[in-house]
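Chemist: sharing a model that was predicted from the sequence below.
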Amino acid sequence: MQVHVLDPGRAEADHEWFTGHLQHDGSVLVAVRSENALLAESYHDSQYCAHVECDG
């Protein structure tokens, strides 16, 4: 059994944290990748992100 943890810390998640949680090696199941993406998106508010790839 593998455990995957998403921990944005005490502040809002920055863009590098967000994109880092979307990168996985081949051993991570597709279902886990999908859940990670949903959770990471809930922490990363692209409306307020200053990165050029986001809306903010």
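Modeler: Happy to help now that I have it. For clarity, every value in this text was computed on a predicted model and none was experimentally measured. Residues are numbered from 1 along each chain as shown.
Chemist: what residue is smack in the middle of the protein?
Modeler: A40 (3.1 Å; CA atoms, centre = their mean).
Chemist: using the three-state scheme, assign that residue.
Modeler: Classification of A40 by DSSP: H, G, I helix; E, B strand; the rest coil places it in helix.
Chemist: please tell me how far it sits from D25.
Modeler: A40 sits 16 Å away from D25, taking CB to CB, to the nearest Å as the criterion. For every residue, glycine as well, the C-beta is placed using N, CA and C.
Chemist: spatially nearest residue to A40, not counting backbone neighbours?
Modeler: H21 (4.2 Å; CB to CB, 6 or more residues apart in numbering).
Chemist: for that neighbour, grab the count of nearby residues.
Modeler: 21 (other CB atoms under 10 Å).
Chemist: let's have the chain start at 31 instead
Modeler: Right, with 31 as the first residue, what we last looked at is H51.
Chemist: what count of nearby residues applies to C79?
Modeler: For C79, using other CB under 10 Å, the count is 17.
Chemist: surely it is in contact with H45?
Modeler: Yes - C79 is in contact with H45 according to CB atoms under 8 Å; the separation is 5.4 Å.
Chemist: output the below-cut-off pLDDT ranges for this structure.
Modeler: 34, 36-43, 85-86 (pLDDT under 70).
Chemist: any idea where the helices of this structure begin and end?
Modeler: 45-50, 60-73 (DSSP state H).
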